[in-house]
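Asker: I'll drop the sequence and a predicted model, then ask my questions.
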Amino acid sequence: MKQVTNDPVVQEKKTLGFWIYLMTDCVLFAGLFATFAVLHTSTFGGPSGAKLFDLPFVLVETMILLTSSFTIGLAILGGARGFKKQTLVWLIVTFALGAAFLTLELTEFSHLVADGNGWDRSAFLSSFFTLVGTHGLHITIGLLWLLVMIVRLWKFNFRQTDLNRLALFGLFWHFLDIVWIFIFSIVYLIGGLS
């Protein structure tokens, strides 16, 4: 069985590696945003974002995700203080908010597809589904990661490695919130006006 180490140098390397991963995700999303910016008017005679997007619905999604960013911060604070129950409660709340956000995103996608506005309808919709869907995939991965952390913290006492993983998850989740703010601003607000 592999020995778990609390060596600070090893943890610093893991943290650096995770920051490098987040930077590669920045490059990925930058490419997707650039693609959307170029293609957002290429509707091929179909509806534009102004006709498709329900801004109040997306605002609710945004508020849910931003609230989850706050709750993961509370979980990290609880973990740093050694409050297991408090940390678990905030992790479960974060999971519920993330799942609610993902459900709303999938609901939006299903309504668009049901109305004949799938990813294959136009270049605009292809870029929209790819950008927003990639974010949704990241949320899904985050929810799986969060579920594993909840189970581990439920079964075991806090270990430094668990707290370090919680801190890295916090970075990941905040990153996804920042990406969503850009999606909300560029895709739904600006793209919804054209």
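Answerer: Sure, I can see it.
Asker: what about the nearest residue to Phe36 once chain neighbours are set aside, which SS state?
Answerer: Take Phe36 and drop its neighbours on the chain: the residue closest to it by CB to CB, 6 or more residues apart in numbering is Ser127, 4.3 Å away. C-beta coordinates here come from the backbone N, C-alpha and C atoms, glycine included. The local conformation at Ser127, judged by DSSP: H, G, I helix; E, B strand; the rest coil, is helix.
Asker: So Ser127 is in contact with His40, correct?
Answerer: Yes: the pair Ser127 / His40 is scored as a contact, 6.9 Å apart, by CB atoms under 8 Å.
Asker: Please list all residues in contact with Thr71.
Answerer: Neighbour list for Thr71: Trp90, Val93, Thr94, Leu97 [criterion: CB atoms under 8 Å, 6 or more residues apart in numbering].
Asker: Just the ones of these in helices?
Answerer: Among the contacts of Thr71, the residues falling in helices (DSSP state H) are Trp90, Val93, Thr94, Leu97.
Asker: List the residues that contact the second one.
Answerer: With contacts taken as CB under 8 Å, 6+ apart, Val93 has the following neighbours: Ser68, Thr71.
Asker: One more: the first one?
Answerer: For Trp90, the contacting residues are Thr71, Ile72, Leu74, Ala75, Gly78, taking CB under 8 Å, 6+ apart as the criterion.
Asker: Of the residues you listed, which is the nearest to Leu171?
Answerer: Closest to Leu171 out of the contacts of Trp90 is Ile72 (9.9 Å), distances taken as CB to CB.
Asker: these two touch, right, the closest one and Phe95?
Answerer: No: Ile72 is beyond contact range of Phe95, at 9.7 Å (criterion: CB under 8 Å).
Asker: what about the two, which has more around it?
Answerer: Taking neighbours as other CB atoms under 10 Å, Ile72 and Phe95 compare with Ile72 leading, 27 against 19.
Asker: give me every residue that touches the more buried one.
Answerer: By CB under 8 Å, 6+ apart, the neighbours of Ile72 are Trp90, Leu91, Thr94, Phe169, Gly170, Trp173, His174.
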